[in-house]
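Trainee: Take this sequence and fold it.
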Amino acid sequence: MAGTEQKRAPLAPLIHGRVRLLILSFLLSTNKAHVFTALRNSLGLTDGTLSVHLSKLEEGGVVSIEKSFEGKKPQTLVRVTPAGRRLFKQYVSDLQEIVPGLGSKK
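Mentor: Now for the predicted structure:
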């Protein structure tokens, strides 16, 4: 329809799931890159669960994953991208509009 504006769906599905929200919240709360194994241990997730969700977040441009070696041991670093920070900020703003008492947008 001409003149009809499409409204953005609140609560980005890419980060709305429990595990992905947990991952992003943790990464953003510490504001630094984390080694995969430390992230897994801190969040109490299995390798498989963390790997699957990080892959989805990486595909969506929310996190970057850098693989390297520390000596002879492989190391995977995970960090939130600038786009991921913006998406999370919008997510929190959406929550504040939806859930009473989380914040006011006046």
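
Trainee: The residue most central in space within the chain sits in which helix or strand?
Mentor: Centroid-nearest residue in the chain, with C-alpha atoms, centre = their mean: L24, separated by 3.3 Å. If you go by DSSP states H and E, L24 is part of helix 18-30.

Trainee: So what touches the next helix or strand after that helix?
Mentor: Sequence-wise, the next helix or strand downstream of helix 18-30 (DSSP H and E) is strand 34-35. By C-beta atoms under 8 Å, 6 or more residues apart in numbering, the residues outside strand 34-35 that reach it are F26, L27, S42, Q75, T76, L77, V78, R79. Where you see a C-beta, it was placed from the backbone N, CA and C, and this is true even at glycine.

Trainee: In the sheet, which strands lie alongside strand 34-35, parallel or antiparallel?
Mentor: Here strand 34-35 is paired, per DSSP bridges, with strand 73-80 (antiparallel).

Trainee: which outside residues touch the partner strand?
Mentor: 24, 27-28, 32-36, 39, 54, 62-69, 88.

Trainee: and the helix or strand following it, what other elements does it pack with?
Mentor: Using DSSP H and E, the helix or strand that directly follows strand 73-80 along the chain is helix 82-98. Applying 3 or more C-beta pairs under 8 Å, 6 or more residues apart in numbering; DSSP states H and E, we find helix 82-98 packed against helix 13-16, helix 18-30.

Trainee: Which positions in helix 82-98 come out as buried?
Mentor: Buried residues in helix 82-98, counted by 16 or more other C-beta atoms under 10 Å: G84, L87, F88, Y91, D94.

Trainee: what pLDDT, on average, does it get?
Mentor: Across helix 82-98, pLDDT averages out at 94.

Trainee: got the angle between it and helix 18-30?
Mentor: 110 degrees (axes from the mean of the first three to the mean of the last three C-alpha atoms, to 10 degrees).

Trainee: Just give me the neighbour total for the spatially closest residue to V63 that is not a sequence neighbour.
Mentor: The spatial neighbour of V63 that comes closest, neighbours along the chain excluded (C-beta to C-beta, 6 or more residues apart in numbering), is L57 at 4.5 Å. Using other C-beta atoms under 10 Å, the number of residues around L57 comes to 25.

Trainee: Point me to the helix or strand that includes L57.
Mentor: helix 47-59.

Trainee: With that, I have no additional questions.
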